[in-house]
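K.L.:
My questions are about this predicted structure, shown below with the sequence.
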Amino acid sequence: MSETVISPDSREEALHTGHHPDLQHHFDDMEQQKEASSLGMWVFLGQEIMFFGGLFLLYLIYRMNYYPIFSMASSSINVKWGAINTVVLIGSSLTMAMAVHSAQLGHRKLLTFFLIGTIVLGAVFLGIKTKEYHDKYVEHHIPGTDSFHFVPEPGLNGVTEEQSEMLSHNPAFQRSAQIFFSLYFVMTGTHALHMIVGIGILIPMVILAWKGRYDSSYYTPVENFGLYWHFVDIIWIFLFPLIYLINRTPHIG
Amino acid sequence: MSEHVVPVRTYLLVFAALMVGTISTYFAAQIDMEAAFHTRFPLNSLVALAIAVTKAVLVILFFMHVKYSTRLTKVVVVASFFWLGIMLTITMSDYLFRAFGSPVGVGGPK
């Protein structure tokens, strides 16, 4: 049990006796320990795939049933911010990949730098997301509120001026439009929550990285966190076309 | 194996490919492909999803190191997506064919 608590002295001592201080006693060697960790992380991500998969399935069925309304509602979301956020998030995946790379090579300062870069880009993403949510609030696109009011843009998705005017006063249409916005907030909100959790893990990781907790022989937490962060990126890669780009053409179909 | 150090060049190339994918998915959505090819087949949606799947595979293989991981990890990754496929396929095989032999359309009366 002495291995479980590592003081700097015992760490130094253990390194000299050839036994890695970060090796838990129930593993044969560092390689096996890392494999087990990585496998466990992937099983967790498998659960995450099923969790988000359920949301995507829900989205798919409603989109099939309410396709014209989904097109109109989707066109009301500012695609520029969504595209910028996609670039920001893929950028944060690159910095995260570079962080793991730096850890593998044992570059403490570079590792800290790239982890901070990932936090900054993650925060930029969440900032833009907040701005987008605020836009939806200003436009009265918050589902479930009494002030909900959606006016489809004429000239897009086969909607004419008269139809737009008519639909904006049609209670059934207004109810159906709220289905899209509910899915929009739930799906992007769950994604954003995953990013908030991610940043919450990154902050202590930066401190530990700066203190030299990770080196080329032990960086499993950094690598496993990287898997999580890239997974969140993949979810956004699917959310961007499905939420923002349903139909940006003048026609419906 | 898991200690494989991926060269920075590979990361940058994958990043560039992901950027190209993002830009092309943005512009592909502005083109009315269904009208251009005179088809009712949902070309726009399929192109957008094809680009998204390609981007996801690039992230999984290179950023998530699955290309360099052990066979056991690869099996878990493939199995995860296979289970997702089961969930989507079986649910859709129900929803898509609910209208069979019934006077009401998919999801009930319109």
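P.N.:
Cool, got the structure. Residues are numbered from 1 along each chain as shown, chains lettered A, B, ... in the order given.
K.L.:
Is there proximity between the helix or strand hosting residue A:172 and chain B?
P.N.:
Using DSSP states H and E, residue A:172 maps to helix A:171-210. No - if you take C-beta under 8 Å from any C-beta of the partner chain as the test, helix A:171-210 misses chain B, and the best it gets is 10.8 Å. Where you see a C-beta, it was placed from the backbone N, CA and C, and this is true even at glycine.
K.L.:
just checking, what packs against that helix?
P.N.:
Secondary-structure packing of helix A:171-210 (3 or more C-beta pairs under 8 Å, 6 or more residues apart in numbering or on different chains; DSSP states H and E): helix A:30-65, helix A:67-75, helix A:108-138, helix A:220-239.
K.L.:
residues of that helix that come out buried?
P.N.:
For helix A:171-210, burial by neighbour count (16 or more other C-beta atoms under 10 Å in any protein chain shown) applies to A:173-174, A:176-181, A:183-185, A:187-188, A:191-192, A:194-195, A:198-199, A:202, A:205-206, A:209.
K.L.:
For residue B:76, which non-adjacent residue is spatially closest?
P.N.:
residue A:42 (4.7 Å; C-beta to C-beta, 6 or more residues apart in numbering or on different chains).
K.L.:
OK, contacts around that neighbour?
P.N.:
A:227, B:73, B:76-77, B:80 (C-beta atoms under 8 Å, 6 or more residues apart in numbering or on different chains).
K.L.:
ok, it to residue A:87 distance?
P.N.:
In this view, residue A:42 and residue A:87 are 27 Å apart by C-beta to C-beta, to the nearest Å.
K.L.:
cool, residue B:45 as well?
P.N.:
For residue B:45, the distance to residue A:87 - C-beta to C-beta - is 22 Å.
K.L.:
Please, where are all the helices along chain B?
P.N.:
Remark: helices assigned in chain B by DSSP state H are B:8-28, B:33-36, B:43-58, B:71-95.
K.L.:
any low-confidence regions in chain A?
P.N.:
Confidence mapping of chain A against pLDDT under 70 gives the ranges A:1-18, A:253.
K.L.:
Go through the contacts of residue A:42 and say which is closest to residue A:53.
P.N.:
Of all the contacts of residue A:42, residue A:53 sits closest to residue B:80, with 9.4 Å by C-beta to C-beta.
K.L.:
Verify the stated contact: that closest one with residue A:45.
P.N.:
Yes - counting by C-beta atoms under 8 Å, residue B:80 touches residue A:45, with 6.9 Å between them.
K.L.:
give the contact list for the closest residue to residue B:64 other than its chain neighbours.
P.N.:
Of all residues not flanking residue B:64 in the chain, residue A:230 sits nearest, at 4.9 Å (C-beta to C-beta, 6+ apart). Residue A:230 sits next to A:93, A:96-97, B:59-60, B:63-64 when contact means C-beta under 8 Å, 6+ apart.
K.L.:
Tabulate those residues in JSON lines, adding columns for distance to residue B:32 and neighbour count.
P.N.:
As requested, the contacts of residue A:230 are exported to JSON lines (distance: C-beta to C-beta, whole Å; neighbours: other C-beta atoms under 10 Å in any protein chain shown):
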{"residue": "A:93", "distance to residue B:32": "31", "neighbour count": "27"}
{"residue": "A:96", "distance to residue B:32": "37", "neighbour count": "28"}
{"residue": "A:97", "distance to residue B:32": "36", "neighbour count": "27"}
{"residue": "B:59", "distance to residue B:32": "29", "neighbour count": "21"}
{"residue": "B:60", "distance to residue B:32": "32", "neighbour count": "19"}
{"residue": "B:63", "distance to residue B:32": "34", "neighbour count": "27"}
{"residue": "B:64", "distance to residue B:32": "35", "neighbour count": "29"}
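K.L.:
Determine which two of the residues you listed are furthest apart.
P.N.:
A:96 and B:60 (14.0 Å).
K.L.:
quick one on the thing from earlier: pick the one among the contacts of residue A:230 closest to residue A:67.
P.N.:
residue B:59 (28.9 Å).
K.L.:
pLDDT score for the closest one?
P.N.:
We have a pLDDT of 97 for residue B:59.
K.L.:
cool, residue B:102 as well?
P.N.:
Reading off the model, residue B:102 has pLDDT 62.
K.L.:
Looking at the helices and strands packed on helix A:171-210, which is nearest to residue B:16?
P.N.:
Of those, nearest to residue B:16 by C-beta to C-beta is helix A:220-239, at 15.3 Å.
K.L.:
about what we covered before: for residue B:9, find the nearest of the helices and strands packed on helix A:171-210.
P.N.:
Relative to residue B:9, the nearest member of the helices and strands packed on helix A:171-210 by C-beta to C-beta is helix A:108-138, separated by 16.4 Å.
K.L.:
Is there proximity between the closest one and chain B?
P.N.:
No - using C-beta under 8 Å from any C-beta, helix A:108-138 stays clear of chain B, with a minimum separation of 10.9 Å.
K.L.:
Which strands or helices does that helix pack on?
P.N.:
Counting contacts by 3+ C-beta pairs under 8 Å, 6+ apart, helix A:108-138 packs against helix A:79-105, helix A:171-210, helix A:220-239.
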